[in-house]
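Peer 1: Here is my input; please provide its structure:
(one chain, ligands or ions: 1)
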Amino acid sequence: MTRVVLVGPPGAGKGTQAATLSDKLGVPHISTGDLFRSHINAETELGRRVKGILDSGGLVSDELTIEMVCGRLGEPDTEDGFLLDGFPRNVRQADLLSNILADRDEKLDAVIELQVDEDALVRRLLARGRADDNEDVIRHRQQVYRSETQPLLDYYRDLLITVDGVGEVDEVTDRLLAALRDRT
Ligand code: ADP
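Peer 2: Residues are numbered from 1 along each chain as shown. Down below sits the predicted model:
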């Protein structure tokens, strides 16, 4: 059980959980949000192109996103698996991911949805205080999640595991690990 996608609304705790989970599973954590933010910090050409989009809470174009993900998945540490966090974020990206994996004779093992109700999400995000964490931008990101990303839950219905993301960080980690174990 090593090729896993983590899906969930902004603030669900994907990044926090993915860090621990990737450690336990022994596969790299690939977060498109983190990758974009490191390009922005390093002031690369890609970083300059995507900064305004991240600040406003919209989605970066599929072309730029896919190119970056393709590059990352081309690195040798992904051979035994990976934990994708924040990608795919819409059905088109999901189709492109299955093409990439098909070329490698690989398939996803599981898609985990981290489920958290909306009030808890806004509370958490306002507390986090990242550059794109003010109330208007958060609301916009949640709308984008509902319209673009939620359809993936149906797209991946055969692989989907839903895990309750409310509770202590360690509790949620245990739930995630138990859910993955049950699948194998
Ligand atoms: P969160 O989990 O709080 O939504 P992320 O770190 O995953 O935050 O993403 C931050 C921003 O990075 C998104 O709002 C979006 O602008 C951009 N982004 C991340 N992943 C993708 C993707 N797969 N496609 C398009 N844009 C993305």
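
Peer 1: What segments of the chain are helices?
Peer 2: The residue ranges that make up the helices of the chain, judged by DSSP state H, are 14-25, 32-41, 45-56, 62-73, 91-103, 118-128, 135-144, 151-155, 169-183.

Peer 1: Need the ones you listed in TSV (columns: mean pLDDT).
Peer 2: Formatted as TSV, the entries for the helices of the chain read as follows, by pLDDT from 0 to 100:
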stretch	mean pLDDT
helix 14-25	94
helix 32-41	97
helix 45-56	96
helix 62-73	96
helix 91-103	97
helix 118-128	85
helix 135-144	90
helix 151-155	98
helix 169-183	92
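
Peer 1: And these: which comes nearest Asp109?
Peer 2: Taking Cβ to Cβ as the criterion, helix 169-183 is the member of the helices of the chain that comes nearest to Asp109, at 7.4 Å. Where you see a C-beta, it was placed from the backbone N, CA and C, and this is true even at glycine.

Peer 1: Distance from the chain centre to that closest one, please.
Peer 2: Remark: helix 169-183 is offset 17 Å from the chain centroid, using Cα atoms, centre = their mean, to the nearest Å.

Peer 1: State the distance from Tyr156 to the ligand.
Peer 2: 15 Å (Cβ to the nearest ligand atom, to the nearest Å).

Peer 1: Revised request: answer the last question for Ser61.
Peer 2: Computed as Cβ to the nearest ligand atom, the Ser61 to the ligand distance reads 7 Å.

Peer 1: Which part of this protein gets nearest to the ligand, residue-wise?
Peer 2: Per Cβ to the nearest ligand atom, Gly33 is where the chain lies closest to the ligand, at 1.8 Å.
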